Each structure stands twice: as C-alpha cells, then as structure tokens.
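Enquirer: model this:
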Amino acid sequence: MRSTDGFCLNLPIALKFVGDPDFDTTSQEVIQTMTKWKTVTQLAITASRIVAHLTESPSYDIMSIREEITESFPKAAKSIDEIQDAISKGWDHSKAVIQEFGPACNNPSSFQGAIHATVTSSSFAEAVRKTIRAGGCNCSRAFFIGAMLGARYGIDGIPRAWIDKTTHSEKILFLAMKAYS
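Expert: Have a look, this model is predicted:
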C-alpha cells in the first residue's frame, strides 16, 4: 500500500509518544500494520516527526526536517528536495501538484503536496483550499495539512464556520481534548 493510511493510523500514537526515545520504533510498528513498503514507511515516520516537532514548537520550520532525515530516510529527504525545487521555481500549488508531485493518493505525491501547501500558505484555510483546488487526492493531503497546521495553530486556526458545519463537532472536540489532556 502506497497511501497515507499508515500515517493516519499512526497520528494518535505519534502524538502520545512525542519526545519518547522510542518514537520512531513505535511509529514504524504501527505504520507497518498498514504497509511494508520502505518509502511509505519513511514518509509516514517523517510526517509523524514533523507533527511532533510542531506540537513542541509551533514555529518549527517544516522544511528543516530534511537535515534530520538525510541519513536515516534518504527517500523522504529526496521528497523534501523535490518540494524545495517546486518552491524555488515559484510554482503555485496546483502546478506543483500536477507537474512535479502528481495528484494521486499514492506517496510520495500526497506527502509532497501536503507539505507544499502548508509551507506556501499563511493559514489553515488557505492551505486546505489550495489542496482542494489542485484536485486529485485532496483528502490525503488535507489530512496531513490538518495535522501539521492543527499542531501549529491549534483549534483557533480552524475557521469557526468549518467547525460549526461539522456534524458532531462538539463531541469530537471534547473527545480529542480528553484524549490529549
């Protein structure tokens, strides 16, 4: 499986184990219940690390993850390089997703599209809207965007109108706060 499902499954575990010395090992065990593909595992652990860094320091520079993963996760580091290349070319998000990363659900394109939208946006709403407009598998990209920018901005970063339109939002928020308090 080349999708983002391993990261999605691991996110609650990753948040519970932020700062734990066994973070990568625990994450890998969870992720590999969904996939054994090495590249997807590297990308999912990298995504989990990014969210963990953002929970500890909301101003964390997402692109700096490359230095941390170069040796241990070379395929993830290559994906970060390709994101930086698209940024350096000045491509808007839709062009980056379609021409550079690919709009499919598979990784690394979903991973790259989410990070590109996040680092080229100034808000939660802008990043999510960019990824929707780019088409393709915007659900996987939006999930990762939500994790990163939720960690960065907290609940206040999500437009209140979006929360109000979400079925059972009060119960969801209550359970999320209870799980991580």
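Enquirer: Ignoring the adjacent residues along the chain, who's closest to the spatially most central residue of the chain?
Expert: The chain has Phe144 as the residue nearest its centroid, 3.0 Å off, counting by CA atoms, centre = their mean. What sits nearest to Phe144 in space, not counting adjacent residues and going by CB to CB, 6 or more residues apart in numbering, is Ala114, at 3.7 Å. Backbone N, C-alpha and C define where each C-beta goes, glycine included.
Enquirer: which SS state does Tyr60 fall under?
Expert: Here Tyr60 is coil, with the state taken from DSSP: H, G, I helix; E, B strand; the rest coil.
Enquirer: Which residue, neighbours along the chain excluded, lies closest to it?
Expert: Per CB to CB, 6+ apart, closest to Tyr60 is His53, 4.3 Å.
Enquirer: same deal with Pro159?
Expert: Nearest residue to Pro159 in three dimensions, chain neighbours excluded: Ala125, at 5.2 Å (CB to CB, 6+ apart).
Enquirer: again, but for Thr120
Expert: Using CB to CB, 6+ apart, the nearest residue to Thr120 is His93, at 6.2 Å.
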